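# Fold the following, please.
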Amino acid sequence: MVELRDQVLVADTSGDSRAIEQAATKLRDFVRQHMNTDTGQIALQSSYNRAVQAAFRQANNDIDSSKYQIATEQCKSVLAVSGYQGYAACVADVVGANGANFKTPELPNPALFYLSFAAPILSFDVAGVFVILTFVVFFAIFIKLLTEVIIYFTLYRRQ
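Predicted coordinates:
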């Protein structure tokens, strides 16, 4: 499962949405067939970054690209500290100081860029068969003990 999760992350950094989808499908199918597999939340950070950059470009495609490049270079440090909201404010300030009208873009929802797959409670692999056998054995022991208690009380009453 770890290899499949790493394949999803590699596909995410490549930027190929079809490769991301195929890797995520392989991971989902594996998790669906195996008990006790936990992927946790897998962040598609590169895809999110690309979506944010596209939102910036779409909202501000009328700004001179040289002014925008200067602003993005000056605000890179703000991105690491404040995230994309602070970065957008910084770029707006720098571009505005250069005489352009910067529009703050509507950023995509970060929750859409997480993958998480849940494992089944029971699967029909080796682990699932042993879980079933364990319940069968416990049920047989319970029936045996119940039978012995009934027989004991039945015989005790007759004496």
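
# domains of this protein?
1-47+114-123, 124-159 (automatic domain parsing).

# How far off centre is the helix-or-strand element of the chain with minimal mean pLDDT?
Every helix and strand of the chain was ranked by mean pLDDT, DSSP states H and E. The lowest is helix 65-74, at a mean of 75. Centroid displacement of helix 65-74 relative to its chain, using Cα atoms, centre = their mean, to the nearest Å, is 33 Å.

# Check stretch 72-80 too.
27 Å.

# Which positions in that stretch come out as buried?
In terms of neighbour count (16 or more other Cβ atoms under 10 Å), stretch 72-80 has its buried residues at 72, 75, 78-79. Every C-beta, even on glycine, is put in place using the N, C-alpha and C of the backbone.

# Highest mean neighbour count out of the domains of the chain?
When the domains of the chain are scored by mean count of other Cβ atoms under 10 Å, the highest mean neighbour count falls to domain 1-47+114-123 (a mean of 15).

# so where do the strands sit in this structure?
42-43, 114-115 (DSSP state E).

# ok, back up a step: could you dump the buried residues of stretch 72-80 into TSV and include distance to Thr134?
Output for the buried residues of stretch 72-80, formatted as TSV (distance: Cβ to Cβ, whole Å):
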residue	distance to Thr134
Thr72	59
Cys75	58
Val78	56
Leu79	52
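
# from the residues you listed, which single one is nearest Ala23?
Ranked by distance to Ala23 (Cβ to Cβ), these are led by Leu79 at 26.8 Å.

# Spatially nearest residue to Leu115, not counting backbone neighbours?
Ile42 (4.3 Å; Cβ to Cβ, 6 or more residues apart in numbering).
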